[in-house]
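K.L.:
Got a sequence here, can you build the structure:
(chains A and B)
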Amino acid sequence: MSFRKWWLIGLGISLLLATVSPLASSSPDGLEKVAAQQGLNSHATHSPFQVAAGYLFPGIHNETFAKIVAGWLGVMVLFAAVYSIGWLIARRRSPSSP
Amino acid sequence: MHIPDGFLNVPALAATAAVSAGTVGVAVKVAAKKIGEKQVPLMGMLAAFIFAAQMLNFPVAGGTSGHLIGAALCAILIGPWAGVIIMSAVLIAQALIFQDGGLAALGANILNMGVIAVFGSYFIYRLLIKILPDSRRSKLTGAAAAGWTSVMLAALAAALELSTSGASPFNVVGPAMLGIHALIGIGEGLITVFVISAVMASRADVLEMERI
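P.N.:
Below is the predicted model:
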């Protein structure tokens, strides 16, 4: 398998995972549970702005679909952002490399 | 394990932000020296995969869930400094776009899950690879231990930050965080082993590339 095909499959698997994310457990995670037990949650403050808060894409009323679209958005944004960061770092290197 | 805003005090926020910013700066410099052509798409793919996998909370005991951190996967598959960059990008996107983890607490979350968990799991993995015979089984044992340890270290760091901020005394929040994350860490270990064995079966050479 070519390396390009391999990482493209990895990216496809990531999109697939985002697609099944509505099936994830909605119970509080470890830290949220501990915070609730310690009565810390009343101290939590909300972000001054919300984009796709709670992994729900804004403007989609069906929560399942809103979560899937938010997941796809995150996968694509992170792939593009980190690929670009890596590319920029690698480009910085090129002049000094043999 | 994303700390929201309002839990940590200003000194804890400032200290964790300073350490995280400094570490990310070093990570970029180290990566600039070592990054190769193949590592660019691998970094992007890992960031996308870890983001998606983090959405998949799995149930653990007592109405609690856990999700993958992914620090051990980064550390094993690409190396600790590239891992810092990948984890930081995931955590920044989660705070900015999905309001998961506080904006002011970003430094703390990067320190816990993107620095301490990454370097802790890298150290454990390397150590076990050195001690154990060179085999597939040793690598997977290392991956399991690295996954579990990364979660415990991140939980310990979060508990220390919460207690120094006066949110809750350490003798309460420490055992609570470590207790539940000992279970969540098992999930992290299993997922890490599963992904590493899938990589071994498809492109084993990825595990032989130079670590960044």
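
K.L.:
tell me the phi and psi of residue B:64?
P.N.:
Recorded main-chain torsions at residue B:64 are phi -120, psi 150, according to degrees, to the nearest 10.

K.L.:
Neighbours of it, how many?
P.N.:
Counted with other CB atoms under 10 Å in any protein chain shown, the neighbours of residue B:64 add up to 21. For every residue, glycine as well, the C-beta is placed using N, CA and C.

K.L.:
roughly how far apart are the closest residue to it other than its chain neighbours and residue B:176?
P.N.:
Taking CB to CB, 6 or more residues apart in numbering or on different chains as the measure, residue B:64 lies nearest to residue A:33, with 4.4 Å between them; neighbours along the chain are not counted. According to CB to CB, to the nearest Å, residue A:33 stands 8 Å off from residue B:176.

K.L.:
What of residue A:55?
P.N.:
Residue A:55 sits 26 Å away from residue B:176 when distances are taken as CB to CB.

K.L.:
Looking at those two, which one has more neighbours?
P.N.:
Under the neighbour definition other CB under 10 Å, residue A:55 and residue B:176 were set side by side, and residue A:55 has more, 25 against 21.

K.L.:
give the contact list for the closest residue to chain B within chain A.
P.N.:
Of chain A, the residue with the smallest distance to chain B, taken as CB to the nearest CB, is residue A:83 at 3.3 Å. For residue A:83, the contact set (CB atoms under 8 Å, 6 or more residues apart in numbering or on different chains) comprises B:40, B:41, B:43, B:44.

K.L.:
Remind me which helix or strand it belongs to.
P.N.:
With secondary structure defined by DSSP states H and E, residue A:83 is part of helix A:63-93.

K.L.:
buried stuff in that helix?
P.N.:
By neighbour count with 16 or more other CB atoms under 10 Å in any protein chain shown, helix A:63-93 contains the buried residues A:66-79, A:81-83, A:85-86, A:89-90.

K.L.:
same check, this time on stretch B:4-16
P.N.:
Of the residues in stretch B:4-16, those scored as buried under the neighbour-count criterion (16+ other CB under 10 Å) are B:4, B:5, B:6, B:7, B:8, B:12, B:13, B:15, B:16.

K.L.:
Likewise for stretch B:189-206?
P.N.:
With burial defined by 16+ other CB under 10 Å, the residues of stretch B:189-206 counted as buried are B:189, B:190, B:191, B:192, B:193, B:195, B:196, B:199, B:200, B:203, B:206.

K.L.:
State the phi and psi torsions of the fourth one.
P.N.:
The phi/psi pair for residue B:192 (degrees, to the nearest 10) reads phi -60, psi -50.

K.L.:
what stretches of chain A score poorly on pLDDT?
P.N.:
Scanning chain A for pLDDT under 70 picks out the ranges A:93-98.

K.L.:
And the residue nearest the centre of chain B?
P.N.:
By CA atoms, centre = their mean, chain B has its centre lying nearest to residue B:71, at 2.6 Å.

K.L.:
thought that one was touching residue B:80?
P.N.:
No - with contact defined as CB atoms under 8 Å, residue B:71 does not count as touching residue B:80 (9.1 Å).

K.L.:
And the pLDDT for the closest residue to residue B:117 other than its chain neighbours?
P.N.:
Distances taken as CB to CB, 6+ apart put residue B:71 closest to residue B:117, at 3.5 Å, once the chain neighbours are dropped. Per-residue confidence at residue B:71 stands at 97 (pLDDT).

K.L.:
Find the closest residue to chain A in chain B.
P.N.:
Minimum separation of chain B from chain A (CB to the nearest CB) falls at residue B:44, amounting to 3.3 Å.
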